Every structure is written in C-alpha cells, then in structure tokens.
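In: what's the 3D shape of this:
(one chain, ligands or ions: 1)
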Amino acid sequence: MKSSPVLFCFTVDDLCFEGYSSEEHLRRLLDFCAKQELKATLFTVPLAQGKALRERPGYVSILKDAIAAGHEVGQHGLEHDRFEFGIPPAMVLALSHEGPARERLKNHRAEIEKELAIAPLRRRLARGRDILKQALGLPIQGFRGPCLSICDNLFHALEAERFVYDSSRHMQPGGWDLLNRGACVPSPITRKVFDSLQYAGSLRVLPLTAEYTWYLKPAMFDATLKLAIHDFDACMDAGIPFVPICHVSPIREGEEDCGFKLYRELIRHAQERAAAAGAELRMLTLSEACQTLPALARSQEKQNGGTHG
Ligand SMILES: [Zn+2]
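Out: Residues are numbered from 1 along each chain as shown. Below you'll find the predicted structure:
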C-alpha cells in the first residue's frame, strides 16, 4: 500500500516585530525558502510597536510577493504583548530575555486574567485580522499567539471569529529545554498527543513542534539537529504535520549560518526518510495542511486498521 503523504509545514513568527524581524532578514529567509522549495506560513504582527501593517510599505510589498509565490500570511497576536491572548508557558517565560514578562505576571495576574474574557479577546482578534486583511487584500485564516500564549477562552474566541485554524499549542517542550538548560529529553510526539490538543468545535488545531534556530550557535548545533530529526520522524510515523517554527531575525543572526544550515540538513533528512518509505514529502502552508488533513486521517485509519496509534 502506498504510504500517506508526509506534511512539512514551515512557519515563521514575528514578522514586523522590531528587534526580531527586519525586511532584509525576511527577504533572505524567503530566498532560502525558494531555494529549498519550502512553503512558509508567515505569522505577522498586525500592530507591531503601535504601527499598523499598512504603514509599513516595505513589508506589505514583500508579503504580497510571498503570497503570490505560494506562502501564507497568518495573524500573530495584535501588538505582540505577551499577555494579550493568554499566558505563555513557563518554559517560554523562563527564557533569559523574558524577565519583564515574568515580573508583570507575578504582580498583575488578576488584571491580566480579566482581559482574557471572550469579548475582549474577540475584539483584539478582529482588530488584528482586519489590519492584515486591509493591508494585504485577502482574508486571514490562521492564528498563533505571541510567545505560545494561550487560554481556554482564546479557542472559543477564535471559533466565534471564524478562524480556520490555530497554531499556538506546542508538541515538543524539549526545544525550550535546549535553550534554557542546554540539554533535553525529547517528549514523545504521537497521534494521541496530537488528538488530545484538538478543540472540540470547528476550529482546527495544528500544534507547532518546536523552535530549533533561535540564535543557534555551533556548540548547540548537533543536539538541536538531533531533536529536530527526532520530531520530524515522530510526526511522520504518527501521520501528523511537522510544524517547526523559526523567527525572522534570530534564524539569520545565529553564528556561522547555523539556522539555515540546520534546515538544509533537516530537509535533506526528510526527503531521504520519505523516499525510503515510498511516501511523498509535501511542503505546505498550514491552510493547505488543514485541507489535506481529513483525507490524511482517513488513510491513516485504513493503515492502522481503524484505530489511532
Ligand atoms: Zn512572537
């Protein structure tokens, strides 16, 4: 029997967010995608530093070209405030640059949680989506919270605002253990874990795996590539999309081009592994993955004799 296609959904966060994104770095990243035939979902901050996307003509023009080349633009928060759509997981708040966010959560948790009711969440979602839609002239289907922040109400609000999918949840905390402690024991990635992260309503949840190229240094290269290969293989075996995340400037600003080198090696591995299994490796945006998934789930069920492994 022919194997199910293997879905590789490359995602990029923080477009427009000053300090973590520049137009030059974004152009280089898109050139890399073109060379590697990678399709990217570009999570863009609608109102970064208080400036709406339409006031950034350089980005608008790059994004329109990217969409024409087959990439997708998703919504990444509104202003990229850490707490505007939920609370980031402890592993993200533990990162060295998140000191101010840790302090704010410690001192203002009640006010933060009050702002996470469905009505204010819907207002912020709609405002961000409309800013992106106005600047780019097309509807936005997907969302990712800043710093992986989530709360239960976020999923209700996304469904009420008719988003097609969310990609704020994560599957591999080991990626952040590598950043925080320099070592990790990979968490298992299975169909069961993927299913447990789904939302009961019409919203599709496409969890990301991990970030592998955050200012990556040569000393951490081998351990990080090992984790990325582990995660790709686990997603392939489970028949679920592999959704790595990178950030516009941090992938470029690692030492000795480590970020792009990691993806070159990871993609080569993915191609070889898929070919060995007689499976097609598909580079897809998250919207495209959503369209593919129901069919994929059916063919997986057939292969597994009707059960989910
Ligand atoms: Zn972000």
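In: Tell me which stretches of the stretch 1-150 of the chain form strands.
Out: Ranges of strands within the stretch 1-150 of the chain are 6-8, 10-15, 40-44, 72-76, 142-144, based on DSSP state E, counting those that start in this stretch.
In: Out of those strands, the one nearest the ion is which?
Out: With distances scored as CB to the ion, the stretch of these nearest to the ion is strand 10-15 (4.3 Å). Yep, even glycine has a C-beta here, placed from its N, CA and C like the rest.
In: is that closest one anywhere near the ion?
Out: Yes: using CB under 5 Å from the ion, strand 10-15 reaches the ion at 13-14.
In: And for residue 15, the neighbour number?
Out: 27 (other CB atoms under 10 Å).
In: all helices of this protein, in order?
Out: Here the chain has its helices, by DSSP state H, at 23-36, 57-68, 90-93, 99-114, 118-136, 152-160, 174-181, 191-196, 218-238, 248-252, 258-276, 286-303.
In: Would you tell me which one of these is buried the most?
Out: helix 248-252 (a mean of 23; mean count of other CB atoms under 10 Å).
In: from what I can see residue 249 touches residue 22, true?
Out: Yes: between residue 249 and residue 22 there is a contact at 5.9 Å, judged by CB atoms under 8 Å.
In: Next to the ion in this structure, residues from the stretch 1-150 of the chain, please.
Out: 13-14, 146.
In: swap the cut-off to 6 Å and go again
Out: For the stretch 1-150 of the chain, the contact set with the ion under CB under 6 Å from the ion comprises 13-14, 76, 80, 146-147.
In: on that earlier part again, would you list the strands of the stretch 1-150 of the chain in JSON lines and tack on distance to residue 93 and mean pLDDT?
Out: Below are the strands of the stretch 1-150 of the chain laid out as JSON lines (distance: least, CB to CB, whole Å; pLDDT from 0 to 100):
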{"stretch": "strand 6-8", "distance to residue 93": "29", "mean pLDDT": "97"}
{"stretch": "strand 10-15", "distance to residue 93": "16", "mean pLDDT": "98"}
{"stretch": "strand 40-44", "distance to residue 93": "19", "mean pLDDT": "98"}
{"stretch": "strand 72-76", "distance to residue 93": "18", "mean pLDDT": "98"}
{"stretch": "strand 142-144", "distance to residue 93": "17", "mean pLDDT": "98"}
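In: Now distance to residue 219 too, for the ones you listed, in JSON lines please.
Out: As requested, these are exported to JSON lines (distance: least, CB to CB, whole Å):
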{"stretch": "strand 6-8", "distance to residue 219": "27"}
{"stretch": "strand 10-15", "distance to residue 219": "24"}
{"stretch": "strand 40-44", "distance to residue 219": "27"}
{"stretch": "strand 72-76", "distance to residue 219": "30"}
{"stretch": "strand 142-144", "distance to residue 219": "29"}
